[in-house]
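Asker: After the sequence you'll find the predicted model.
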Amino acid sequence: MTDDELKELVASLAVSNAALTVKFDRTDEKFDRTEAQMAKTDKALKKLGVTIGSLTNNTGSMTEEYFYNSLKQKPILGKIKYDRVDRNIKGNIPTIVDEFDIVMYNGDSIAIIECKSKAHVNDLKKLMDKKAANFRQLFPYYKDYKIYLGLASFSFYDELKEMAKENGIAILKNAGDVPKIEADNLKAY
């Protein structure tokens with residue numbers, strides 16, 4: 001390779017390098033703009049998440065309030081009358097932390113009512129599989145009491161209602177000014 005060819009090669013590499021530098025600078029600018037837009041989007045999504053979370057919490061609170069007030073006025077589940085109705089009962093031991101939306105008490109029975117604005121099968125399964133056992137462990141004073149379960153919601157689908165009935169769980173739903181309670185086949189847990 002001659003000196004002239006070498007100089008020409010170095011010159012073309014310098015031009016190519018300059019062109020790449022310009023392209024990299026443009027790419028960096030695009031990344032910076034994208035990063036700024038992503039930051040704005042993240043901020044908007046967080047704000048939306050807080051709003052949706054607040055809306056969900058408000059709906060859940062309204063559901064609990066409706067069923068609590070109704071059961072407080074008429075503390076009966078199925079054919080069982082209760083003496084006391086409490087809400088948002090929290091228990092905490094090293095191995096279990098749980099909260100119970102509505103709990104009804106009498107001399108030998110407890111009714112645990114889980115409230116959901118729109119009930120789903122996983123809510124029913126959690127109620128059956130965990131709530132009664134957790135309550136007994138968190139509140140050993142009631143370990144010998146019969147525990148009955150209820151699922152309260154403004155919205156049920158037919159399969160869920162059937163599954164609840166098959167498992168002896170009361171269904172509490174909105175029926176105008178008063179709740180409609182279906183608890184003919186309660187089962188103690």
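Answerer: Cool, got the structure.
Asker: Show me where the protein has its strands.
Answerer: 76-77, 80-81, 84-93, 96-105, 109-116, 146-153, 170-175, 178-182 (DSSP state E).
Asker: quick one, the third one and strand 109-116 angle?
Answerer: Spelled out, it's strand 84-93. 80 degrees (axes from the mean of the first three to the mean of the last three CA atoms, to 10 degrees).
Asker: which helices and strands sit right next to strand 84-93?
Answerer: Packing partners of strand 84-93 (3 or more CB pairs under 8 Å, 6 or more residues apart in numbering; DSSP states H and E): helix 3-73, strand 96-105, helix 132-138. For the C-beta atoms, the positions are set from N, CA and C on the backbone; glycine is no exception.
Asker: what pLDDT does residue 187 get?
Answerer: Note for residue 187: predicted pLDDT of 88.
Asker: Name all residues that make contact with it.
Answerer: Residue 187 makes contact with 148, 167, 168, 169, according to CB atoms under 8 Å, 6 or more residues apart in numbering.
Asker: Without its sequence neighbours, what residue ends up closest to the third one?
Answerer: Spatially, and ignoring its direct neighbours in sequence, residue 168 is nearest to residue 187 (2.4 Å; CB to CB, 6 or more residues apart in numbering).
Asker: Report the helix or strand with the lowest average pLDDT across this protein.
Answerer: Least confident element among the helices and strands of the chain, by mean pLDDT, DSSP states H and E: helix 3-73 (a mean of 68).
Asker: sorry, back to before: next, format the strands of the chain as CSV and append mean pLDDT and mean neighbour count.
Answerer: Output for the strands of the chain, formatted as CSV (pLDDT from 0 to 100; neighbours: other CB atoms under 10 Å):
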stretch, mean pLDDT, mean neighbour count
strand 76-77, 95, 17
strand 80-81, 96, 14
strand 84-93, 96, 13
strand 96-105, 97, 18
strand 109-116, 97, 23
strand 146-153, 97, 23
strand 170-175, 89, 19
strand 178-182, 79, 15
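Asker: To residue 2, which of those strands lies closest?
Answerer: Evaluated over these, closeness to residue 2 peaks at strand 96-105, with 82.0 Å, by CB to CB.
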